[in-house]
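Asks: Structure for the following, please:
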Amino acid sequence: MRRLQQEGSSGVIACFYSASRQGFRLGESCLRIESQSRRILLTGARAPVTLELARMFARAGHTVFAADSIAYHGCRFSRAVEQSFLVAPPRQQPEQFIRDLLAVIRRERIELLVPTCEEIFYIAQARDELAAHCQVLAEPIDRLEQLHDKYRFIEMVQSFGLPVPRTVLCRSQAELSDALRRWQPADQAVVVKPVFSRFGARVAIVTDGKNPLAANEISPDVPWLAQTYASGTELSSYTLAQEGKVLAHTTYEGSFRAGIGASIAFAHRDAPHIESWVEEVVGRLGFSGQIAFDLIEAEDGTLYPLECNPRATSGIHLLASSPNFAPCFFRQPPAPVYPADASAMLSAAMWLYGLPAARSERRLGEWLRTMRTSRDVLFRWNDPLPMLAQGLALLSFWKRSRHHDASLLAATTLDIEWNGEER
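Replies: Below is the predicted model of the structure:
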């Protein structure tokens, strides 16, 4: 892995999210060279979905580079990755992060930049600068912020005339206490969660009307929302879209989770009504890029959106085995692409998080069945090192969690997450 010199640079390159600044376009130059190998830079190399994309693009004949602000991650040890780069942490050093990316883009003649994790929000803020040198798979920051903000996202979906759970924005203890006191019906559970969060972290389910937050946890700069608890089946979707058209899609259910949020085992579900919901939303937005939704399907079939992640998510693990998925990043397919794999899992996380949950919830049979039938997303016989080396990444995150007094899961995003900070 190459460590970049901390001097910054500007670069020169071309091809995917074009410098025309109009988003994910099928420009004539892309169509003329669609059969050629591309030089692709993936950021957020720590994520399993990034390793999945790296292997997928390499199988398709492309040259893949990876970048991250941590030294040890699966992509660093993968045969699918030509070279891995250590860059500045975007949350703590956003300007240096962009300079580092520009240095890689220029040096390696990158044609396509694909952000996968929350570093996409920092990349989107410098989208015009980066798009002058290569194509960038990211919408403008104003659009991404609207989707990432859980309250604004619900407002947007409601403006489309679609059902949403009742949601109240709270910027102080008094506002939250007042909202909980006025909630009707009084016996209905209320979900309290930060406007910006991930992995279902810090979510509280209130059944007694009492404010669960300490005084220093909520403020105008750190807003929360109160939301009607929607009962039903929680489902997730992942979609690759171009100017409002769905290119690839999966709806999936997480059978096991790390904590209450992040899925570690996922199974595709044939759900045309959810795909139709996604088509309507991305169509109204004219959205281009990767976008994911978490929804509740009520007993009567009504869909209630919970949040949006305008980036890569676990649905990629279900789609990546399809030979038709990689080409979707460069041209519109004749019809949307759907998963080749019915189910997938993170086997190490299934041992670490899934097995204890299965024991406590009396789901050992389901855990064994999942372990037996699901494809592991990390291990490959022809590329074994990422699986074997993941302990190095876990050790790094464990040390970080101890240093910052954070959970292991929270430690994985401390240097890349974006919580609506002023730009």
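Asks: Going by C-alpha atoms from here, please, whenever you check contacts or count neighbours.
Replies: Noted.
Asks: In the protein, where is pLDDT below threshold?
Replies: In the predicted model of the chain, residues 1-35, 259-261, 423 satisfy pLDDT under 70.
Asks: buried sites along stretch 352-362?
Replies: 353, 354, 355, 357, 358 (16 or more other CA atoms under 10 Å).
Asks: Among these, which one sits closest to residue 196?
Replies: Of all those, residue 196 sits closest to residue 353, with 24.1 Å by CA to CA.
Asks: Do I have it right that the closest one meets residue 257?
Replies: Yes. Using CA atoms under 8 Å, residue 353 is in contact with residue 257, at 7.1 Å.
Asks: So residue 147, which state does it fall into?
Replies: Secondary structure state of residue 147, per DSSP: H, G, I helix; E, B strand; the rest coil, is helix.
Asks: Could I get the full set of helices for the stretch 51-200 of the chain?
Replies: Applying DSSP state H, counting those that start in this stretch to the stretch 51-200 of the chain gives helices spanning 94-108, 120-125, 127-131, 141-148, 150-159, 173-182.
Asks: cool, and the stretch 251-400 of the chain?
Replies: Under DSSP H, counting those that start in this stretch, the stretch 251-400 of the chain gives helices at 272-285, 315-319, 347-349, 355-360, 364-373, 385-388, 390-404.
Asks: Of the helices of the stretch 51-200 of the chain, which is nearest residue 331?
Replies: Between the helices of the stretch 51-200 of the chain, helix 127-131 lies closest to residue 331; by CA to CA that is 18.4 Å.
Asks: pull the CA atoms of that closest one into PDB?
Replies: What follows is helix 127-131, C-alpha atoms only, in PDB (Å, rounded to 0.1, in the frame of the first residue of the first chain):
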ATOM      1  CA  ARG A 127     -17.600  17.000  -6.800                       C
ATOM      2  CA  ASP A 128     -17.000  19.800  -9.300                       C
ATOM      3  CA  GLU A 129     -13.200  19.800  -8.600                       C
ATOM      4  CA  LEU A 130     -13.000  16.000  -8.800                       C
ATOM      5  CA  ALA A 131     -15.200  15.800 -11.900                       C
END
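Asks: distance between it and the chain's centre?
Replies: 21 Å (CA atoms, centre = their mean, to the nearest Å).
Asks: So for that helix, what gets flagged as buried?
Replies: Neighbour counts over helix 127-131 (16+ other CA under 10 Å) mark 127, 128, 129, 130, 131 as buried.
Asks: how far away is the second one from residue 161?
Replies: Distance check for residue 128 against residue 161: by CA to CA, to the nearest Å, it reads 33 Å.
Asks: cool, the fourth one as well?
Replies: Remark: distance between residue 130 and residue 161 (CA to CA) = 36 Å.
Asks: Show me what residue 68 is bridged to.
Replies: Beta-bridge partners for residue 68, by DSSP bridges, are residue 86.
Asks: how's this structure carved up into domains?
Replies: Using automatic domain parsing, the domain parsing of the chain gives 2-138, 166-228, 233-379.
Asks: Just say which of these is most tucked in.
Replies: Mean neighbour count (mean count of other CA atoms under 10 Å) peaks for domain 2-138 among the domains of the chain, with a mean of 21.
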